[in-house]
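Participant: model this:
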Amino acid sequence: MRLPPFPGAGRGAALLTLLATISSAAAPAAPRPDALAAPQLLAASAPAGARRNINGIPDTGQFIPDSTLVARVDEKRFTVLDFCWNYYNAFPTDRPKPDSLGRVEFLNTLVNKEVLGRTAERVGYDIGYEGRIQMREESQRVISNVLFRRAVIDSVVVTEDDIQRVYRQFQTALRVHRILFADHATAERVRLDLIRGRITWSAAVKKYSRAIGDHEDGDIGWVRRGALSIGVAEQLYATKPGEISQVVVDESGPQLVKVVDTRPDLASDYAMLSSLIRKQLFALGVDQRATAIQDLLEGHAHFVPDTANINWACKFFTAPKKVTSTGGGPSLTVDETVPVFDRGDTSRVLARWRDGALSLGRFLIEYSEISPISRPAVNTPAGMTDQAANIALEPYKEQLGLARGYDKDPNYVYQMGTLREKLLVERMYTDSITSHVHPTEADRRREYDQHRDRYVRPENRRFATILRGSQASADTLAARLRSGASAESVIAADERSGSSSGMVHELSENDHGPFKRIVFEELKPGQVTTVGPDSSGRVAAVQLIEVVPRHQLSYEDASEDIYANVEAEQSESLLHEWLARLKKGHHIAMYPDLVMKIALRDPTL
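Facilitator: Residues are numbered from 1 along each chain as shown. Below is the predicted model:
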């Protein structure tokens with residue numbers, strides 16, 4: 001999908017556990033009856049007569065209706081649905097446990113937030129200059145999100161006829177020949193040459209195909225529908241035997257495909273496949289509509305990528321997320337590193353458009369501000385081009401959203417109102433709480449002496465992983481490392497040659513990762529082992545460089561953490577006292593006995 005990702009707002013501080021619990025909530029909006037929710041939100045409905053389970057608990061009729069009142073502050077009512085919306089729109093790390101204590105805590109949070117918001121409005125706080133800048137930035141993000149929801153997701157409709165059509169694909173296998181190309185432009189040119197008879201298929205395979213292991217004429221044998229992504233399948237099954245497809249792109253790269261034969265295939269039961277097909281078609285529809293919006297914006301802005309600079313720069317980036325398989329099963333590894341470039345290289349222009357240009361330096365700043373787990377892959381020309389477009393086109397998405405009136409959309413109005421209230425409360429909190437908290441030396445010493453266990457540095461291990469293309473190459477490297485070669489120097493030499501083959505990691509005893517067992521249980525400092533091969537045939541040489549034992553931090557070394565903990569405890573105490581006074585001016589009703597009767601489920605599911 002080419003429409004940009006929209007990262008969420010950052011977390012606040014102190015109270016701001018309370019504020020963060022609710023500030024990201026979006027207004028409930030009823031879905032169109034003929035539109036599907038996003039793929040990850042789809043769930044198969046239960047068979048007739050089946051008992052529904054909610055969070056693993058059978059629904060026997062014990063749950064109260066969504067309209068049931070659970071709390072009230074003056075005229076403001078909080079229903080079961082409000083409770084669920086706010087709970088699931090809070091940052092996951094700020095949600096209390098869904099047990100009885102956690103639910104009562106969250107109910108109190110809803111009431112406290114409402115009291116603080118009303119107080120800030122009544123006193124007449126202003127969000128200030130910085131708040132107005134934040135509102136401006138958030139407005140752009142929210143408008144973009146609403147544009148994506150209304151112009152993309154809400155417009156995707158999957159009918160029963162669509163599902164039936166795709167199901168028939170599962171009943172047919174294809175005999176496929178292909179030509180795998182180095183780039184998309186060459187594939188398009190050769191396709192025209194084939195259609196116009198300027199070159200034969202056999203000659204094109206011999207001259208252009210980069211595939212390894214294909215048989216004569218690019219024959220890859222019989223292909224079943226279940227082995228194909230929805231996008232590739234839609235193109236292949238639209239190609240009649242003997243025809244040449246449009247350029248097909250998958251993880252291997254751009255290719256031309258010729259279907260030479262078909263045969264019946266045994267498909268799973270329709271009831272088993274229909275849900276999967278629906279999700280695939282929805283995802284394809286979202287991707288197509290997002291691409292159409294992106295193309296519209298690129299044309300409007302006259303966006304032009306600099307392919308030479310992008311092709312050069314993307315080679316220095318690594319995939320931000322990798323799924324590896326270890327003895328304990330699949331493991332997700334997030335690579336937080338961003339490459340460092342010489343000052344002269346950061347001025348390279350990656351793209352130009354009507355109102356500006358994007359340098360590599362600015363690209364690095366924008367990319368670094370994305371949470372590592374949310375970063376798109378930019379280690380390919382296509383990935384970097386898409387992200388460059390995401391950065392360049394953000395203002396144009398806002399313009400398009402405003403032109404379509406999305407600033408009147410209930411979701412936009414609700415989210416911007418919620419942010420404004422949050423900013424008002426933050427300013428009031430600073431004046432009423434933060435400005436009165438000044439931990440003394442005695443306070444900090446008391447905290448350290450009474451809670452030394454909070455200030456212990458866990459054991460930390462520093463190690464290097466360096467990839468090689470084969471077991472033999474990895475064994476040769478391991479021998480070099482055992483003989484005294486520095487892992488850092490090997491990695492640096494690889495980078496100078498244009499290969500980002502490895503990196504040095506730090507892993508604490510409290511962390512998790514695919515190399516945890518190896519570096520904490522198998523290796524001693526200086527020792528080396530090899531791991532692999534992975535699905536691409538690569539093998540990693542792993543060397544444990546250094547072990548820093550678990551140890552008690554001194555008062556001086558822990559001073560920043562000590563100050564923060566004392567400040568947080570004193571702030572929390574003042575906040576509770578302050579809220580108790582403020583609540584006396586409001587009519588508040590709470591029904592904590594009902595919280596365990598709430599069917600706590602995400603309303604978007």
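Participant: tell me how far the ends of stretch 295-313 are from each other?
Facilitator: Stretch 295-313 has an end-to-end distance of 23 Å (criterion: Cα to Cα, to the nearest Å).
Participant: just stretch 245-253 next, same as before
Facilitator: Across stretch 245-253, the terminal residues are separated by 15 Å (Cα to Cα).
Participant: from the chain's centre, how far out does that stretch sit?
Facilitator: Relative to the centre of its chain, stretch 245-253 is centred 25 Å away, using Cα atoms, centre = their mean, to the nearest Å.
Participant: What of stretch 152-163?
Facilitator: Its chain's C-alpha centre and that of stretch 152-163 lie 24 Å apart, by Cα atoms, centre = their mean.
Participant: quick one: average pLDDT of it?
Facilitator: Averaging pLDDT along stretch 152-163 yields 91.
Participant: With stretch 451-467 instead?
Facilitator: Looking at stretch 451-467 alone, the average pLDDT works out to 92.
Participant: do stretch 90-98 as well
Facilitator: Averaging the model's pLDDT scores along stretch 90-98 yields 83.
Participant: before we move on, what about stretch 507-527?
Facilitator: Here stretch 507-527 scores 87 as its mean pLDDT.
Participant: residues touching residue 523, list them.
Facilitator: Taking Cβ atoms under 8 Å, 6 or more residues apart in numbering as the contact definition, residue 523 lies against 463, 529, 542, 543, 544. From N, CA and C alone the C-beta is placed, and that goes for glycine too.
Participant: if you set the cut-off to 7 Å instead, what comes out?
Facilitator: Contact analysis of residue 523 by Cβ atoms under 7 Å, 6 or more residues apart in numbering lists 529, 544.
Participant: and the gap between it and residue 481?
Facilitator: Between residue 523 and residue 481 the distance is 12 Å, computed by Cβ to Cβ, to the nearest Å.
Participant: where in the protein is pLDDT low?
Facilitator: Judged by pLDDT under 70, the chain has its weakly predicted residues at 1-57, 59, 322-332, 498-500, 535-536, 604-605.
Participant: So it: which segments form each domain?
Facilitator: Partitioning the chain according to automatic domain parsing yields domains covering residues 172-266, 293-403, 456-552.
Participant: Identify whichever of these lies nearest to residue 449.
Facilitator: Proximity to residue 449 (Cβ to Cβ) singles out domain 456-552 among the domains of the chain, at 12.4 Å.
Participant: picking up where we left off before, could you export the domains of the chain as CSV, including distance to residue 562?
Facilitator: As requested, those are arranged in CSV below (distance: least, Cβ to Cβ, whole Å):
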stretch, distance to residue 562
domain 172-266, 50
domain 293-403, 27
domain 456-552, 13
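Participant: Of those domains, which is nearest residue 434?
Facilitator: Judging the domains of the chain by Cβ to Cβ, what sits closest to residue 434 is domain 293-403, at 25.4 Å.
Participant: so how far does that closest one reach from one end to the other?
Facilitator: Between the opening and closing residues of domain 293-403 there is a gap of 14 Å (Cα to Cα).
Participant: Quick one: distance of it to the chain centre.
Facilitator: Here domain 293-403 shows a centroid-to-chain-centroid distance of 14 Å under the convention Cα atoms, centre = their mean.
Participant: Repeat that for stretch 255-267.
Facilitator: The chain centroid and the centroid of stretch 255-267 are separated by 35 Å, computed with Cα atoms, centre = their mean.
Participant: what comes into contact with that stretch?
Facilitator: Counting contacts by Cβ under 7 Å, 6+ apart, the residues outside stretch 255-267 that touch it are 167, 170-181, 187, 190-191, 201, 224, 236, 239-241, 243-245, 247-248, 273.
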